[in-house]
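**Q** quick one: sequence plus predicted model below, questions after.
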Amino acid sequence: MKRTLAIASSVVIVALAGCSSQIDRKTASGSYEYLKTKEQEPLTVPSDLDAPAFSRDFELPELGQEVDPNLVGKSLMIRSPALVLPLVTGSHIEEGKSTATIWFDQVDDSQPLSQAIWNSLLSFLDEQGIGVDRFSAEDRVLVTDWMVMTREIDGPWYSFSDEESEIGRRFEFNLDVKPHGRSAALTVELKDYMQTLGNDVIAEVSSMEERREEVEVLNQVIGHYEYQIQLAETRRIAQIRQGIKTEMGFNADGDAAYVIDAKYDVAWPRMLLVLRKLGFDVKDLDKSNGLLFVTYNGDQGSWWDGLFSSDKEILKKGDYRLKVARAGADRTSVTFMNNESVPFEANQVSDLYSAFAEVMSEDNLDI
């Protein structure tokens, strides 16, 4: 009988220890006797005596207005702080900010920065199956529907299964765009929270847990944004390496030019590959103005050298310029010019067309 009682007592003790382990993992270890300590009254010095010199080296600072005075003892979590991760190229955070905020700088001019951020956020919510309660691009605010997820809570070691906790959250995203439009800050704020664990319902969280929830969802949005950028870059490189159709045409000024069936951001790097294959050396370039400064040196290694070395020399050795410009949403014009920026005549453009078009249509050019 005594042995049975001893085993039963041991099981109860182990059960209590297992239940408390969840809290112990998140709180400081050791004694909490300091919570019983009362602040001592300052030393009273009689008016007829000189007050001693007191050191302020160990004086505790005053609590700020936003500090939660209840976060002491076991109520104070010791988990590592939640940090916003600026993974996207051109993104950064401001040190000392208490809000979950990330700054983006414009690095891609294909669309406005604010539009790119909203599109990425909406894409993330759609991919996660999360609805949008309210969205206004003009007011620069988006409020999500409930984001419901199920988390497993570690049970005690003797338990055969973990407990499941269902958590619902609603967030508000705000976009602060600078007047020049090339920098924007995305901030997320937890609007509503609801957690169920068995028959218990928790509708409030501490300020620290609130920030953790905000940073967690913001990092997910950032990760999705970065993934989209990498995916778009992979597709762009694949397009650059694929053959592109070219036809004779005119540029915006009416000069004879080649019209490439590709967007400017694809045609520009593709031109660098094509020119190298045709035997041109690129001396300088200006992508913002679409200018390429090249030299044709007539090297014998060029596969179309025979074309230029014929009795009727089509292109002399020397320096030239090329103008690459957008010709609509999905097409690009390429204009060959001499070193004085005078466009080639139509017959000369026509003579060079077959060689240029053949290399432009070739697949798997080395990058």
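**A** That came through fine.

**Q** for the residue of the chain most remote from its centre, phi and psi?
**A** The centre of the chain is farthest from one residue, residue 48, which by C-alpha atoms, centre = their mean lies 67.8 Å away. Note on residue 48: backbone dihedrals following degrees, to the nearest 10 are phi -90, psi 10.

**Q** cool, and residue 109?
**A** Dihedral pair for residue 109: phi -90, psi 10, per degrees, to the nearest 10.

**Q** how close does it get to residue 116?
**A** 10 Å (C-beta to C-beta, to the nearest Å). Glycine gets a C-beta too; all of them are placed from N, C-alpha and C.

**Q** which one's more surrounded, the two?
**A** residue 116 (19 against 11; other C-beta atoms under 10 Å).

**Q** who touches residue 248 in this structure?
**A** Residues near residue 248 by C-beta atoms under 8 Å, 6 or more residues apart in numbering: 256, 258-259, 349-350, 353.

**Q** would residue 355 count as being in a strand?
**A** No - per DSSP: H, G, I helix; E, B strand; the rest coil, residue 355 lies outside any strand segment and is helix.

**Q** pretty sure it is touching residue 278, no?
**A** Yes - between residue 355 and residue 278 there is a contact at 6.8 Å, judged by C-beta atoms under 8 Å.

**Q** looking at the two, which is more packed in?
**A** Between residue 355 and residue 278, residue 278 has the larger neighbour count (other C-beta under 10 Å), namely 22 against 19.

**Q** so what's the more buried one closest to, chain neighbours aside?
**A** residue 359 (5.9 Å; C-beta to C-beta, 6 or more residues apart in numbering).

**Q** state the distance from the one you found to residue 260.
**A** The value you get for residue 359 to residue 260, if C-beta to C-beta is used, is 12 Å.

**Q** which one's more surrounded, these two?
**A** residue 260 (27 against 19).

**Q** find the nearest non-adjacent residue to residue 149, please.
**A** Distances taken as C-beta to C-beta, 6+ apart place residue 167 nearest to residue 149, at 5.5 Å, with adjacent residues excluded.

**Q** hmm, residue 195 and that neighbour touching each other?
**A** Yes - between residue 167 and residue 195 there is a contact under C-beta under 8 Å: 4.8 Å.

**Q** where do the strands sit along the protein?
**A** Using DSSP state E, the strands assigned to the chain run over residues 91-92, 100-105, 132-136, 141-144, 147-153, 163-177, 183-197, 200-202, 246-250, 256-260, 280-286, 291-296, 318-326, 332-338.

**Q** ok so, going back, ranking the contacts of residue 248 by neighbours, who comes first?
**A** Busiest of these [other C-beta under 10 Å] is residue 258, holding 23 neighbours.

**Q** spatially central, which residue of the protein would that be?
**A** Geometric centre of the chain, nearest residue: residue 88, 3.0 Å, by C-alpha atoms, centre = their mean.

**Q** tell me the spacing between that residue and residue 204.
**A** According to C-beta to C-beta, residue 88 stands 33 Å off from residue 204.
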